[in-house]
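Visitor: Give me a 3D structure for the following:
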Amino acid sequence: MNFLQPWMLYALPVVALPVVIHLINQRRYRTIHWAAMMFLLAANRMSRGYARIRQWLILAMRTLAIAGLIFAISRPLTSGWLSLAAGGRPDTTLILLDRSPSMQEQGPAGQSKLVSAMSQLTRSLDLIGSQHWMLIDSADPQPVEFEKLSELPRLVQSSGVSAAADLPVMLQSALKYLQENRPGRSEIWICSDVRQNDWDAESGRWQGLRDAFLALAQPVRIHLLSYSEMSDLNRSVRVTGVRRQETSSGPELLISMQVTQTQPVEGSAIIPVQLEVDGARSEISVELQTNQAEITDHAVPLSQQQVKGWGRVSLPADQNPADNDFYFVYDKPVTRKTIIVAENPDAARPLQLAAAIPPEAGIQSHVEVVNTADLGNVEWETASLVLWQAPLPADEAAGPLKRFLERGGQLIFFPPESPDATKFAGLHWGSWQELEAESPVASWVGDQDLLAHTRSGVALPVGQLQVSRFCTIEGEPIPLATLQGDVPLLMRAVTLKRNVYFCSTTASSADSSLARDGVVLYVAIQRALSAGAASLGDARQFVAGQLPEHALENPQRLAGPEDVLSSTYALQSGVYQQGEQLLAVNRSLAEDTVKILTAEKVNGLFDGLDFDRVDERLGAGSPLLSEVWRIFLGLMMLALLVEACLCLPRVAAQADRRLQRSAQFSSAQGTAA
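Guide: As a prediction, this is how the structure comes out:
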């Protein structure tokens, strides 16, 4: 239990006042032995035990009454979050608010996790108070100061955004504020549903954050308000492929989509899916078996004039409206161009074959193999993917490559024969290591990125790969696949676009079985090509929050939510027109992957810090904090009432004394007669 006025507890020694008065009164009288009084005391000896107990009870009630008054004035708090307000009013309170699509999941009363979190904070933190209030929104991690806690709903749109949260970035922003402003005692409140993709728990950034918070001179407490409970019946829809093709009967649009449910269904279920193409609507029925349904190349007839356009697929309303719609744009397919930078063109032959073979009919692929001396002649503007098997670029070569990445291109590095200390995206090659025997892949990320399962849910045969030689990777990358002994195989650099990868071995038969067991290599390269090609042409697909700078300078909204500000278009799902370009913005694939961090994992991220957590349920409605001074005031009144009752004289004793006096009077009269 904690108190809003803890200084009042210094008055607790006052509860001993009745005991002190009692002891003083005991010393006011001097005992004189008198025969008549000794006889009366002997007569009342049988009732002395009850009188002593009554005196002690009266003393205890008076003591409890004073203690209850002191506790009531101290304004005690109670909640499931023990030690929440310990230490009194903080100097600065920073609120880190997760507004990702998963936080828009609704409870039985129709209130989302985001709205519930803001309501809980407004009701509870208002009791504690703070000298300064700061908001760090996942949509914009820059701290925003506000004067009153009641202004929080006005600063945050309750509808949330379609962009994923990045908790390490938000905590880094809070850390920077504390380092620059050096406030007094500070508190950080994190409101999140603890999704793996939002927390990026495997990132090396967490260790640096822990060390930096521990190094702060001022005390900082971190609280987590967690809404990790998931709905069992929430469904999401995603377009996995769109392409326009010419047929003998005219042009048509081939749409592939995927419907996923959080928990498997018993048997099967028919889901109506609404399909909209350039304003024309239709409906198809999708049979959901277990927890997933796949529709491949659903044909929608187009007119000859429909060369470029947009569309949307929608599900019926359920617990989370943020994943019921998915937008897409289409145009004539662009050529998927791959640039291979290699020291030895023969060693790059497997990469060239994997990039040159298109996965579907109608897709054109082009591969260009160059060496580092010819980089000045490369047309980076038309490239989708760069496969780099040479020393890491530096100086002049790094400039065009960084602009290529900012535009949305994909880059995969393979180790050169002679690694050096040159860094790129915070990583650099170490040294080559020979293995005594071929080592298989021990673990890999199968729910997202280059090694994700196929559309039907079948895992790639990553575990069949064998590696006999690898090059170490220095830095803090995000592991996507590792060999036995936590040896890195495929890593992703920490970048804004998440489009820079490092593979620690090559496709040479002397190094690995990537070429011999070519399925994994082919799928990974084709996925990277597809992602890079999406950033080219006049019809582009983007992930919310990952658009290139100035991509939406003067946008026109063609589809999407109507209650959003134009300044947040880059964070909201929808279709936008920028000049001749059509841009479709959607939530990331990881948002549809339901993976909650365990409590042990979250506690490990804050190991060594002053951290606590409370798990809330949607619709529970119980406040985080509540004042219980009325209970102590009631206990004080009850103690006074009991004390008053104990102080009343005994009725039976009074009657006995009256009878005794009457008998004595009658005896006296008889003697006189």
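
Visitor: Mind checking the pLDDT average for stretch 520-534?
Guide: Average pLDDT, stretch 520-534: 91.

Visitor: what's in contact with that stretch?
Guide: 334, 336, 338, 350-351, 354-355, 357, 359, 365, 383-385, 387, 408-410, 412, 450-452, 460-462, 465, 490, 499, 501, 507, 514-515, 540-542 (Cβ atoms under 8 Å, 6 or more residues apart in numbering). No exception for glycine: its C-beta is placed from N, CA and C like everyone else's.

Visitor: Could you pull up the mean pLDDT of stretch 131-140?
Guide: Mean predicted confidence for stretch 131-140 is 90.

Visitor: which residues are in contact with stretch 427-441?
Guide: 392, 415-416, 419-422, 462-475, 477, 481-485, 487, 489, 491, 493, 502, 513.

Visitor: thinking again about what came up before, and the contacts of stretch 520-534, which of them are buried?
Guide: Neighbour-count burial (16 or more other Cβ atoms under 10 Å) applied to the contacts of stretch 520-534 gives 334, 336, 338, 350-351, 354-355, 365, 383-385, 387, 408-410, 412, 450-452, 460, 462, 465, 490, 499, 501, 507, 514-515, 540-542.

Visitor: From these, which land in strands?
Guide: 336, 338, 365, 385, 387, 410, 412, 490, 501, 540, 541, 542 (DSSP state E).

Visitor: correct me, but the second one touches residue 370?
Guide: No. The pair residue 338 and residue 370 fails to qualify as a contact (Cβ atoms under 8 Å) at a distance of 11.1 Å.

Visitor: Tell me the strands beside the strand ranked longest in the chain, with direction?
Guide: Using DSSP E, we find that the single longest strand of the chain is strand 428-444. Using DSSP bridges, the strands paired with strand 428-444 are strand 466-474 (antiparallel), strand 478-483 (antiparallel).

Visitor: Now do the buried residues in that strand.
Guide: Neighbour count says strand 428-444 has 428, 429, 430, 432, 439, 441, 444 buried, by 16+ other Cβ under 10 Å.

Visitor: So for the fifth one, what's the nearest residue that isn't a sequence neighbour?
Guide: So that's residue 439. residue 483 (4.6 Å; Cβ to Cβ, 6 or more residues apart in numbering).

Visitor: dump the residue contacts of that neighbour.
Guide: Neighbours of residue 483 in contact, by Cβ under 8 Å, 6+ apart: 439, 440, 441, 442, 467, 470, 489.

Visitor: Just the pLDDT at it, thanks.
Guide: 92.

Visitor: Check the gap between the nearest residue to residue 412 once chain neighbours are set aside and residue 366 for me.
Guide: Closest residue in space to residue 412, ignoring its immediate chain neighbours: residue 501 at 4.6 Å, by Cβ to Cβ, 6+ apart. For residue 501, the distance to residue 366 equals 21 Å [Cβ to Cβ, to the nearest Å].

Visitor: pLDDT weak spots in the chain?
Guide: Along the chain, segments meeting pLDDT under 70 span 1-12, 14-51, 71-88, 158, 455-456, 619-630, 632, 649-673.

Visitor: Now residue 378. Nearest residue, chain neighbours left out?
Guide: Residue 378's closest residue in space is residue 339 (Cβ to Cβ, 6+ apart), at 5.8 Å.

Visitor: Same question for residue 447.
Guide: residue 593 (4.7 Å).

Visitor: neighbours around residue 54, how many?
Guide: 13 (other Cβ atoms under 10 Å).

Visitor: Need phi/psi at it.
Guide: With angles defined as degrees, to the nearest 10, residue 54 sits at phi -60, psi -40.

Visitor: and what of residue 377?
Guide: phi -100, psi 0.

Visitor: for the closest residue to it other than its chain neighbours, what are its contacts?
Guide: Leaving out its chain neighbours, the residue that sits closest to residue 377 by Cβ to Cβ, 6+ apart is residue 370, at 7.5 Å. Neighbouring residues of residue 370 by Cβ under 8 Å, 6+ apart: 339, 340, 341, 377, 378.

Visitor: which ones are touching the second one?
Guide: For residue 340, the contacting residues are 348, 351, 352, 355, 367, 368, 369, 370, 386, 387, 389, taking Cβ under 8 Å, 6+ apart as the criterion.

Visitor: can you list those residues in CSV and add distance to residue 298?
Guide: Output for these, formatted as CSV (distance: Cβ to Cβ, whole Å):
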residue, distance to residue 298
348, 38
351, 33
352, 34
355, 28
367, 31
368, 35
369, 38
370, 40
386, 33
387, 33
389, 39
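
Visitor: Residue 103: which of those residues is nearest?
Guide: Closest approach between the contacts of residue 340 and residue 103, by Cβ to Cβ: residue 386, at 35.6 Å.

Visitor: For residue 367, what is the enclosing helix or strand?
Guide: Residue 367 belongs to strand 365-370 when assigned by DSSP states H and E.

Visitor: CA atoms of that strand as PDB?
Guide: Output in PDB follows, covering the C-alpha atoms of strand 365-370 (Å, rounded to 0.1, in the frame of the first residue of the first chain):
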ATOM      1  CA  SER A 365      13.800 -10.500 -64.700                       C
ATOM      2  CA  HIS A 366      17.200  -9.000 -65.500                       C
ATOM      3  CA  VAL A 367      20.500  -9.700 -63.800                       C
ATOM      4  CA  GLU A 368      23.600  -7.600 -64.200                       C
ATOM      5  CA  VAL A 369      27.000  -8.700 -62.800                       C
ATOM      6  CA  VAL A 370      29.600  -6.000 -62.200                       C
END
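
Visitor: Check the offset of it from the chain's centre.
Guide: 41 Å (Cα atoms, centre = their mean, to the nearest Å).

Visitor: Spatially nearest residue to residue 496 (excluding sequence neighbours)?
Guide: Nearest residue to residue 496, sequence neighbours excluded (Cβ to Cβ, 6+ apart): residue 546, at 7.0 Å.
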